[in-house]
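Enquirer: I'd like to go over a predicted model; first the sequence, then the structure.
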Amino acid sequence: MKRVVTALFTFAVAASAHADVAATYASKCAACHGKAGQGAKMAPKPIAGLPAAEVKKAIAEGKGKMKPVKIEDADGVAAYVAGLK
C-alpha cells in the first residue's frame, strides 16, 4: 500500500510540474513561438523538438532578435519544448 501511495504522489507532483512549465511556456513563449512551438508571425522558425540545451541557451542568452528571458524554471521549459512535436 505504501508503494502505491508513493507512486501516486510522485505522479501527482510530476503532473503538476508539467502543468507549471506548460503554463510558463504559454505565458512567456507561445505568443512568439506558437502554442505548440510550430512558429508564428514573430518567430516563424519552429522550436518544437529542439534539443533542451539549445532552448535553455536561447532563454538565457537570447538568439537573433530574441532577448534573454527570465524564466524561473528554464530547465523545465527547455525540456517541455524539446518534447513538443
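Expert: Good, I have the coordinates.

Enquirer: Find the residue closest to Lys45 in space, skipping its chain neighbours.
Expert: Gly39 (5.6 Å; C-beta to C-beta, 6 or more residues apart in numbering). Bear in mind the C-beta positions are built from the backbone N, C-alpha and C, glycine included.

Enquirer: which ones are touching that neighbour?
Expert: Gly39 makes contact with His33, Lys45, Pro46, Ile47 under the criterion C-beta atoms under 8 Å, 6 or more residues apart in numbering.

Enquirer: That one and Pro51: what is the separation?
Expert: 17 Å (C-beta to C-beta, to the nearest Å).

Enquirer: what do you get for Lys35?
Expert: Lys35 is 21 Å from Pro51, by C-beta to C-beta.

Enquirer: what do you get for Lys67?
Expert: In terms of C-beta to C-beta, Lys67 sits 21 Å off from Pro51.

Enquirer: Looking at those two now, which is surrounded by more residues?
Expert: Pro51 (11 against 8; other C-beta atoms under 10 Å).

Enquirer: And for that one, nearest residue in space, chain neighbours not counted?
Expert: Ala82 (6.1 Å).

Enquirer: List the contacts of that neighbour.
Expert: Taking C-beta under 8 Å, 6+ apart, one finds Gly49, Leu50, Pro51, Ala52, Val55 in contact with Ala82.
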